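Q: Quick one, structure for this:
(one chain, ligands or ions: 1)
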Amino acid sequence: MVEGRKILGDPAAIKQQFPIFSEYPELVYLDNAATTQRPQQVINRINNFHQQENATIRRGVYQLSARATQEFEAARSTVANFFKAPQDDCIAFTQGATESVNIVARSIIKEKLKPGDNIVVSLMEHHANFVPWQMLSQATSTELRVVPITESGDLDLDKLNSLIDSRTAVVAIVHISNTLGTINPIKVITQMAHAKEVPILIDAAQSATLYPINLTELDCDFLVCSAHKMFGPFGVGVLYVHPRYHRQVQPYNYGGGIIRSVKVEGTEFLPYPHLLEAGTPNVAGVIGLAEAIRVIKKFDRESLVKQLHKLTQIARQKLADIEGLSLVGNPTLSSSIISFSLAGMHPHDVASFLNEDHIAVRAGQHCTQPLLDYLGWPATVRVSLSIYNNLQDVDRLADSLREMKDFLI
Ligand code: PMP
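A: Below you'll find the predicted structure:
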């Protein structure tokens, strides 16, 4: 590829970069909100690390260890640069978005909570950005305030604004809902929180890959995401902490790797981000994430997202045309995630039937039980598209659903 020239979106060509589709040529993979597939380049990078570079980081003075340490720290720069973080040392590596939220809750916010304070989350949060805050509020006798959604599936911004007050310790909001696909206006929400001097956490698990995030401009306080939803490996997450909070971060796990000195009398810790990376980290995984980012950066994300939104609109229309099918939510701004229900069929049965046609979708509550309770759906079928999906995939989904309906209902 010519340096600087981006690859435009040809799903067929993109698909070729992901070996799972050569392994299973029939596969229509529509569960990208759960995890994305891995490109060959990322698989090769992780393999090469294990075959040619394997060593633990930080401790060794020998060449292999020094090189692994260098690659690990280079990955931090790659991630920081990808999100336009103000400094490389804003990025800590964790096990995933879930762990990153737990760290913010227990190692940063907990310290500053006082009786009478409150925490603001929304009804559309994934359990990963709901339960840690619920647990924290229960443990500290503080209030958990839950922002409702509108009928269309948008966040109620006026209500959000009215729930944030001088006793709010943190606002924790998802960028893209993993169930409804709603894209929340994170810049507006960040400004809303900051206008009342309240820190804000953005859950970017569903957006980090394709929706460019400029942390320097956005100026949020915390951001979390997971490598495995970014064409990277399982078991690696990102936590971004703005420099204004670095000195307030407490260790999350105690152990080696985070230590300035240990005496029988007490221990002195390294500063953030190292004090969060206790024990031996997932070196190959972190290096794999950096490679995944190199893959993403080759694409023209703006045109890919436009194309993906167009494909999603077509999919929504084709699904809506199926008799007895109800789309769940119709957000003003929506990503490539669609939830629906088919009258007379349990979502799990729908997913099982689609599986017979090699179509992979998710059925259930998508770790958003408060949202589904509110909407009155026991479960939904969720379709989530990514850059390798094409019109043929959408047609196969719609055809299969129609056949299923004719056969069963
Ligand atoms: N937030 C959102 C919006 C998600 O979709 C997910 C994963 N489904 C998570 C958080 C948690 O990510 P992980 O399981 O990788 O920690």
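Q: so where do the helices sit in the stretch 101-250 of the chain?
A: Along the stretch 101-250 of the chain, counting by DSSP state H, counting those that start in this stretch, helices occupy 110-112, 131-140, 157-163, 186-195, 215-218.
Q: if I read this right, Val146 contacts Ile119, doesn't it?
A: No. Counting by CB atoms under 8 Å, Val146 stays clear of Ile119, with 9.7 Å between them. In short, each C-beta sits where N, CA and C put it, glycine included.
Q: Who has more neighbours out of those two?
A: Ile119 (24 against 19; other CB atoms under 10 Å).
Q: Name whatever forms a beta bridge with that one.
A: Per DSSP bridges, the residues bridged to Ile119 are Leu144, Val170.
Q: Check what pLDDT Ala128 gets.
A: pLDDT, Ala128: 98.
Q: contact partners of the lowest-mean-pLDDT helix or strand in the chain?
A: Lowest mean confidence among the helices and strands of the chain (mean pLDDT, DSSP states H and E): helix 11-16, at a mean of 89. With CB atoms under 8 Å, 6 or more residues apart in numbering as the contact definition, helix 11-16 has outside contacts at Ile7, Phe21, Ser22, Phe299, Ile387, Tyr388, Asn389, Asn390.
Q: which residue packs closest to Leu308, ignoring adjacent ones?
A: Spatial nearest neighbour of Leu308, excluding adjacent residues (CB to CB, 6 or more residues apart in numbering): Ser336 at 4.9 Å.
Q: Repeat that for Val224.
A: Nearest to Val224 is Ser100, by CB to CB, 6+ apart, at 3.6 Å.
Q: Check whether whichever strand or helix holds the one you found comes near the ligand.
A: Using DSSP states H and E, Ser100 sits within helix 97-104. Yes. Against the ligand, helix 97-104 shows contacts by CB under 6 Å from any ligand atom at Ala97, Thr98.
Q: Which neighbouring elements make contact with that helix?
A: Counting contacts by 3 or more CB pairs under 8 Å, 6 or more residues apart in numbering; DSSP states H and E, helix 97-104 packs against strand 91-94, helix 131-140, strand 168-174, strand 200-203, strand 222-226, strand 237-241.
Q: Name whatever forms a beta bridge with the nearest residue to Asp393 once chain neighbours are set aside.
A: What sits nearest to Asp393 in space, not counting adjacent residues and going by CB to CB, 6+ apart, is Val28, at 4.6 Å. Beta-bridge pairing for Val28 (DSSP bridges): Ile359.
Q: need the helices and strands packed on helix 97-104 in JSON lines with mean neighbour count, can you?
A: Below are the helices and strands packed on helix 97-104 laid out as JSON lines (neighbours: other CB atoms under 10 Å):
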{"stretch": "strand 91-94", "mean neighbour count": "24"}
{"stretch": "helix 131-140", "mean neighbour count": "18"}
{"stretch": "strand 168-174", "mean neighbour count": "25"}
{"stretch": "strand 200-203", "mean neighbour count": "28"}
{"stretch": "strand 222-226", "mean neighbour count": "28"}
{"stretch": "strand 237-241", "mean neighbour count": "28"}
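Q: what about those, which gets the closest to Thr69?
A: strand 91-94 (13.1 Å; CB to CB).
Q: Pairing partners for that closest one, with directions?
A: Here, using DSSP bridges, strand 91-94 pairs with strand 237-241 (antiparallel).
Q: Show me what the strand it pairs with is in contact with.
A: Contacts to strand 237-241, defined as CB under 8 Å, 6+ apart, come from residues 79, 83, 85, 90-100, 103-104, 108, 208, 215, 221-227, 249, 272-273, 276, 289.
Q: now do 7 Å
A: The contact list for strand 237-241, computed with CB atoms under 7 Å, 6 or more residues apart in numbering, reads 79, 83, 85, 90-97, 99-100, 103, 215, 222-227, 249, 272.
Q: Tell me the buried residues in stretch 171-189?
A: Residues 171-186, 189 are the ones in stretch 171-189 that count as buried (16 or more other CB atoms under 10 Å).
Q: ugh, wrong one, stretch 402-409
A: For stretch 402-409, burial by neighbour count (16+ other CB under 10 Å) applies to Met404, Lys405.
Q: can you count the residues close to the residue of the stretch 251-400 of the chain found nearest the ligand?
A: Residue of the stretch 251-400 of the chain nearest the ligand, by CB to the nearest ligand atom: Cys367 (5.9 Å). Neighbour count for Cys367, taken as other CB under 10 Å: 17.
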